[in-house]
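# Here you go, sequence then predicted model.
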Number of protein chains: 2
Amino acid sequence: MANACSCDHDPATWASQVEDACLRQGAQLTPLRRRVLKIFSGSAAPLGAYAILEELSRREGKQIAPPTVYRTLDFFLEHGFVHKIESLNAYAPCEHLGHAHHGLLAICEACGRSEEIEDAAVMRAIAATAAGSGFTPRTVMVEAKGLCRRCAGPEAAAHHHKPGDASSTSAPSGSRK
Amino acid sequence: MANACSCDHDPATWASQVEDACLRQGAQLTPLRRRVLKIFSGSAAPLGAYAILEELSRREGKQIAPPTVYRTLDFFLEHGFVHKIESLNAYAPCEHLGHAHHGLLAICEACGRSEEIEDAAVMRAIAATAAGSGFTPRTVMVEAKGLCRRCAGPEAAAHHHKPGDASSTSAPSGSRK
DNA sequence: CCCGTATCGTTATAACATAACACTCCTTGC
DNA sequence: GCAAGGAGTGTTATGTTATAACGATACGGG
């Protein structure tokens, strides 16, 4: 019923998987795209386009313009390397590159991290419900907000977890509301 | 499995249900809010905040400022009278006012309409999956994009349905991409 | 060499959303 | 009556997210 796959989803693995996929698909992983790849790798939480923009500008030492970032994001999105999180206006690395595409996105409201959970049962239920109502889905988005295991744990109530700890860039960008 | 409820979801019904709910809850349905209510009633598809803004300004004969609209939307959202559709940055009347709150939102990419489908099975599956992975959901959002019954029907391929036909305001606002 | 395609730079602007403060009106308690 | 306070709205300014449009460069094939 739960997350069937057992991959580890760490940033380094993701980055190398993207490299591989680009080679296989003949997609160009240019220097710019590689730099954005690194920025994603360095973040524990999803990143807003403008957070990427700032980080990129900082690392380049010169001001980068928004379209540059959005084009790079488009590339990653088209290839399925990252997902857009609609409810945050933010972007996160896809944690299930090789296999199944897109399941449930669980967003922790305490630490800002997001986790991708594959589950065929949910997708089947949605497809069935939609079909029963005459609707033909093309894409489906499921985003849940709540508390992740670490932040909801018994000891978590005391010392609240904060996002900053994976590497350099770390703040969840779209911290609206 | 499919949509269990049999209410009709037409704009007039929705408006009067909102009226009733305000009376019962002691919420103030002020003139401004009533005007926005009418604007929603007149639209077949979800509306963006700025679409409402323009329509409101047009009907008032004077320029309205964004905060006025957003405050009104906040009121409707807090009372559960409308939903925000994250993937469109748009707002739509809640089709299940009395009972169950929020299920699956089906958005037709051809005619721009959205339809709300209640289904406990989907929500149960999501809750189970999340729990299995240690996540505690607080709110869940499911948005599916595809083709509605009318636009996917056998005769639909020929003469494509367009949004404009329910009443005055009708264009889907967030027609991004 | 020329042309098409992909990438990236650059400027400007569109689209979506909120902060902060002022004013009215109405209610409540005295 | 009238001060105090809250809800609603008006108004100005600004913040945040995303795209349009055009130019420049680089690279590969005919």
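Cool, the structure landed. Numbering: from 1, shown residues only, chains lettered A, B, ... in the order given.
# The helix or strand harbouring A:E143: how far from the chain's middle?
Here A:E143, judged by DSSP states H and E, is contained in strand A:136-147. Here strand A:136-147 is found 13 Å from its chain centre; the criterion is CA atoms, centre = their mean, to the nearest Å.
# what's the average pLDDT for the lengthiest helix in chain A?
Scanning chain A for the helix with the most residues, using DSSP state H, yields helix A:11-25. Helix A:11-25 shows a mean pLDDT of 92.
# Next: stretch A:148-167.
Per-residue scores along stretch A:148-167 average to 63.
# who does the residue nearest to the spatial centre of chain A bridge with?
Chain A has A:A92 as the residue nearest its centroid, 1.8 Å off, counting by CA atoms, centre = their mean. Beta-bridge pairing of A:A92 under DSSP bridges involves A:H83.
# ok, now how distant is it from A:T13?
15 Å (CB to CB, to the nearest Å). (Each C-beta comes from the backbone N, C-alpha and C, glycine too.)
# circling back to that earlier point, hmm, who's touching the next helix or strand after the longest helix of chain A?
Later in the chain than helix A:11-25, the nearest helix or strand by DSSP H and E is helix A:31-41. For helix A:31-41, the surrounding residues in contact (CB atoms under 8 Å, 6 or more residues apart in numbering or on different chains) are A:11-12, A:14-15, A:18, A:29, A:47, A:52, A:55-56, A:59-60, A:68-69, A:72-73, A:75-76, A:82, A:91-93, A:167, A:169.
# pull the CA atoms of helix A:31-41 into PDB?
Extracted C-alpha coordinates of helix A:31-41, given in PDB (Å, rounded to 0.1, in the frame of the first residue of the first chain):
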ATOM      1  CA  PRO A  31      27.000  24.200 -18.200                       C
ATOM      2  CA  LEU A  32      24.100  26.400 -17.300                       C
ATOM      3  CA  ARG A  33      21.800  23.400 -16.800                       C
ATOM      4  CA  ARG A  34      24.500  21.700 -14.800                       C
ATOM      5  CA  ARG A  35      24.800  24.600 -12.500                       C
ATOM      6  CA  VAL A  36      21.100  24.600 -11.900                       C
ATOM      7  CA  LEU A  37      21.300  20.900 -11.300                       C
ATOM      8  CA  LYS A  38      23.900  21.600  -8.600                       C
ATOM      9  CA  ILE A  39      21.700  24.200  -7.000                       C
ATOM     10  CA  PHE A  40      18.900  21.600  -6.700                       C
ATOM     11  CA  SER A  41      21.300  19.100  -5.300                       C
END
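# Check which helices and strands the helix or strand just after that helix sits against.
Per DSSP H and E, the first helix or strand lying C-terminal to helix A:31-41 is helix A:49-60. Identification of packing neighbours for helix A:49-60 by 3 or more CB pairs under 8 Å, 6 or more residues apart in numbering or on different chains; DSSP states H and E yields helix A:31-41, helix A:66-78, strand A:90-93.
# So which bits of helix A:49-60 are buried?
Neighbour-count burial for helix A:49-60 flags A:A49, A:A51, A:I52, A:L53, A:E54, A:E55, A:L56 (criterion: 16 or more other CB atoms under 10 Å in any protein chain shown).
# pLDDT (mean, whole number) over that helix?
According to the model, helix A:49-60 has a mean pLDDT of 97.
# so how far is that helix off the chain centroid?
17 Å.
# quick one, it and helix A:66-78 angle?
Relative orientation of helix A:49-60 versus helix A:66-78 (axes from the mean of the first three to the mean of the last three CA atoms, to 10 degrees): 110 degrees.
# can you tell if helix A:49-60 touches DNA strand C?
No. Residues of helix A:49-60 are not located near DNA strand C by CB under 7 Å from any atom of the strand, the shortest gap being 7.6 Å.
# and that helix with DNA strand D, contact?
Yes. With CB under 7 Å from any atom of the strand as the measure, helix A:49-60 is seen reaching DNA strand D through A:A49, A:Y50, A:A51.
# how about those residues in JSON lines, adding distance to A:T136?
Formatted as JSON lines, those follow (distance: CB to CB, whole Å):
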{"residue": "A:A49", "distance to A:T136": "31"}
{"residue": "A:Y50", "distance to A:T136": "35"}
{"residue": "A:A51", "distance to A:T136": "36"}
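# Quick check: can you list the domain ranges of chain A?
A:8-98, A:100-163 (automatic domain parsing).
# where's the shortest one relative to the chain centroid, distance-wise?
In this case it means domain A:100-163. The answer for domain A:100-163 is 12 Å, by CA atoms, centre = their mean.
# that older thread, so does the strand holding A:E143 get close to chain B?
Yes. Residues of strand A:136-147 are located near chain B by CB under 8 Å from any CB of the partner chain, namely A:T136, A:P137, A:R138, A:T139, A:V140, A:M141, A:V142, A:E143, A:A144, A:K145, A:G146, A:L147.
# Could you list the alpha-carbon positions for that strand in CSV?
Extracted in CSV, the C-alpha atoms of strand A:136-147 (Å, rounded to 0.1, in the frame of the first residue of the first chain):
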residue,chain,number,x,y,z
THR,A,136,-10.7,11.5,-19.2
PRO,A,137,-7.7,12.6,-17.3
ARG,A,138,-4.4,13.5,-19.0
THR,A,139,-2.4,14.6,-16.1
VAL,A,140,-3.1,14.3,-12.4
MET,A,141,-1.6,16.3,-9.5
VAL,A,142,-1.9,15.2,-5.9
GLU,A,143,-0.4,17.5,-3.3
ALA,A,144,-0.8,16.9,0.4
LYS,A,145,0.3,19.3,3.1
GLY,A,146,0.9,18.2,6.6
LEU,A,147,3.7,16.9,8.7
